[in-house]
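Engineer: the sequence isn't on hand, but the structure is:
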């Protein structure tokens, strides 16, 4: 990262990005998935960057220069232009072991736009204010551009943490409130304890980012004995909170639209659903080649299999993450 910004936020993010992933197959897997494709870079994120779970799923974001740089049909490319990102599911044999991955594809321009504080889509900046690894990069210029987006994610997250948090509290308390509200604004399967899990053993990291994020944006605050107090005028905070409400109301509809889009564009989507059911409910769904190739046309038979296997139950129950 030759021309990376020399700021406290940038320095810590660079250390995180270049830290070798703990999962032993992450870099090898992404090389297999990329094949001959030459994106700008690939970010590895999620819980798998910190624990080696052979039965888990690895999460990647592939950043491309333009949508057509990634293989796909006209319909998929259109879907990614209108409502990014597209998502694909992979199962690869690496050293005799099946490794699963969920891969999102987004352009650099989309990534930059969605990382800003006034983006109506909160998923990108909330996700990438969390730790990530740069497991593949095309060139130093691309690495610098991706870093700029990640800095924006942290700044945006800390901005909204100041707005949504209490009048004063520990650094991690502001992040807990932020993650709680971002999860509430999305259609997520994780349980209510997920924000606390995200912060566990990373309190120092998030406190540092809160402080430096506020400094970088000239957000006035006081800090005494580890307790932070953002000094935002009451009227301004109320106005900003109304802006947040507008964004949070769009969160679930946006995610629902993505789910509907995934029916037509999620490569390997039915395999992903089958794996998810087996992992969480220990129910094996056997798929035919026709169901894999034509999930929309095969939806009646898929629905029948789900109901028959009791993987899908028509009553209100508690979701599992």
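Structural biologist: Received, thanks. Just so we're clear, the structure is a prediction, and the values are computed from it rather than from any experiment.
Engineer: gap between the residue nearest the centre of the chain and residue 210?
Structural biologist: With distances taken as Cα atoms, centre = their mean, the chain has residue 127 as the residue nearest its mean C-alpha position (4.1 Å). When Cβ to Cβ, to the nearest Å is the yardstick, residue 127 and residue 210 sit 17 Å from each other. All C-beta atoms are positioned from the backbone trio N, CA, C, and that covers glycine.
Engineer: residue 174 now?
Structural biologist: 6 Å.
Engineer: mind listing the shared neighbours of the two?
Structural biologist: Overlap of the contact sets of residue 174 and residue 210 (by Cβ atoms under 8 Å, 6 or more residues apart in numbering) consists of 161, 228.
Engineer: find the nearest non-adjacent residue to the residue nearest to the centre of the chain, please.
Structural biologist: Take residue 127 and drop its neighbours on the chain: the residue closest to it by Cβ to Cβ, 6 or more residues apart in numbering is residue 45, 6.6 Å away.
Engineer: buried set for the longest helix that the chain contains?
Structural biologist: If each helix of the chain is counted by residues according to DSSP state H, the longest one is helix 234-265. The neighbour-count criterion (16 or more other Cβ atoms under 10 Å) identifies 240, 247-248, 251, 254-255, 258, 261-262, 265 as the buried residues of helix 234-265.
Engineer: low-scoring stretches of the stretch 51-200 of the chain, by residue?
Structural biologist: By pLDDT under 70, the low-scoring segments of the stretch 51-200 of the chain are 54, 187-191.
Engineer: again, 90 this time
Structural biologist: Along the stretch 51-200 of the chain, the model assigns pLDDT under 90 to residues 51-57, 75, 89, 91, 95-98, 100, 118, 183-194.
Engineer: what do you get for the stretch 201-321 of the chain?
Structural biologist: Within the stretch 201-321 of the chain, the set of residues satisfying pLDDT under 90 comprises 248-321.
Engineer: OK, contacts around the residue nearest to residue 127?
Structural biologist: Residues in contact with residue 45 (Cβ under 8 Å, 6+ apart) are 59-61, 127-128, 130-133.
Engineer: could these go into a markdown table alongside distance to residue 40 and secondary structure?
Structural biologist: Compiled in a markdown table, those are given as follows (distance: Cβ to Cβ, whole Å; DSSP: H, G, I helix; E, B strand; the rest coil):
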| residue | distance to residue 40 | secondary structure |
| --- | --- | --- |
| 59 | 18 | strand |
| 60 | 13 | strand |
| 61 | 11 | strand |
| 127 | 18 | helix |
| 128 | 15 | helix |
| 130 | 21 | coil |
| 131 | 20 | coil |
| 132 | 15 | strand |
| 133 | 15 | strand |
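Engineer: mind listing what the nearest residue to residue 165 once chain neighbours are set aside touches?
Structural biologist: Leaving aside its sequence neighbours, residue 165 sits nearest to residue 174 (Cβ to Cβ, 6+ apart; 4.0 Å). With contact taken as Cβ under 8 Å, 6+ apart, residue 174 is in contact with 161-162, 165-166, 210, 228.
Engineer: 10 Å instead?
Structural biologist: Under the criterion of Cβ atoms under 10 Å, 6 or more residues apart in numbering, the neighbours of residue 174 are 157-158, 160-166, 168, 206-207, 210, 214, 228, 230.
Engineer: what's the answer for residue 125, then?
Structural biologist: Counting by Cβ under 10 Å, 6+ apart, residue 125 touches 114-117, 119, 149-150, 152-157, 159-160, 182.
Engineer: hang on, it in a helix?
Structural biologist: Yes - remark: residue 125 belongs to a helix, assigned using DSSP: H, G, I helix; E, B strand; the rest coil.
Engineer: could you measure from it over to residue 77?
Structural biologist: According to Cβ to Cβ, residue 125 and residue 77 sit 24 Å apart.
Engineer: now the element after the host helix or strand of residue 90, going C-ward?
Structural biologist: According to DSSP states H and E, residue 90 maps onto strand 86-94. If you walk from strand 86-94 toward the C-terminus, the next helix or strand you reach (DSSP H and E) is strand 97-107.
Engineer: which other helices and strands contact that next one?
Structural biologist: For strand 97-107, the contact count by 3 or more Cβ pairs under 10 Å, 6 or more residues apart in numbering; DSSP states H and E identifies helix 26-34, strand 41-45, strand 57-64, helix 74-82, strand 86-94, helix 108-114, helix 123-128, helix 269-281 as packing neighbours.
Engineer: repeat that for 7 Å
Structural biologist: With contacts defined as 3 or more Cβ pairs under 7 Å, 6 or more residues apart in numbering; DSSP states H and E, strand 97-107 has these neighbours: helix 26-34, strand 57-64, strand 86-94.
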